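**Q** Generate a structure from the sequence data that follows.
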Amino acid sequence: LNVTKGSFYHHNDNKEDLVWSCFERTFEIIRAALAFSDRNFGNGWERACASTRALSRFQLSAEGPLLRLGAISALVDPARRAEVSRTMNRLTTRQTGVVVDGMIDGSIRTIDQAIAGHIGTGLISGAAGLKHWVGEITEHNVAELYLRPMFIGILCPPARG
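**A** You can find the predicted model right below:
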């Protein structure tokens, strides 16, 4: 953070409060991306692509990354750990609902929606580390280089014959 301990503790009571705040920020950003895709895109395919693309871009932006769920281990308070788990599960379920909407409207092939939701969540989380193994990856090309293979290969609608 490039701040002194005194400055850190002036703004945060302890490390756990900082981690808790980071989780709250992460969840706020995920909710905003889901709401944006719901408002601005039509079918399930478009909404799933839009929210995943927005969050993956965020991971590589100057404002990113989102806090990874693994940081839950820094939370000592069991109630906070439980709340983070519940919130992440709700957000994953919400993203899974978009996949189900796509299967219903025919824009996404019939697949196991729970697995698809977790794959999407994993892709977003994994995007944060892409710069370490794909040197040319940026927030501007992450969709083409990283997300497109999953969406075209797994979620795309079946070919019409």
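**Q** Centre of the chain to the lengthiest helix in the chain, how far?
**A** In the chain, assigned by DSSP state H, the helix with the most residues is helix 78-105. With CA atoms, centre = their mean, to the nearest Å as the basis, helix 78-105 stands 11 Å off its chain's centre.
**Q** just stretch 66-79 next, same as before
**A** Counting by CA atoms, centre = their mean, stretch 66-79 comes out at 16 Å from the chain centroid.
**Q** Also stretch 12-25?
**A** 19 Å.
**Q** Name the residues of that stretch that are buried.
**A** By neighbour count on 16 or more other CB atoms under 10 Å, the buried set for stretch 12-25 is Leu18, Val19, Trp20, Phe23. (Each C-beta comes from the backbone N, C-alpha and C, glycine too.)
**Q** just stretch 135-149 next, same as before
**A** Here stretch 135-149 shows Ile137, Glu139, Val142, Ala143, Tyr146, Leu147 as buried, counting by 16+ other CB under 10 Å.
**Q** same question, stretch 101-112
**A** Buried, per 16+ other CB under 10 Å, within stretch 101-112: Asp101, Gly102, Met103, Ser107, Ile108.
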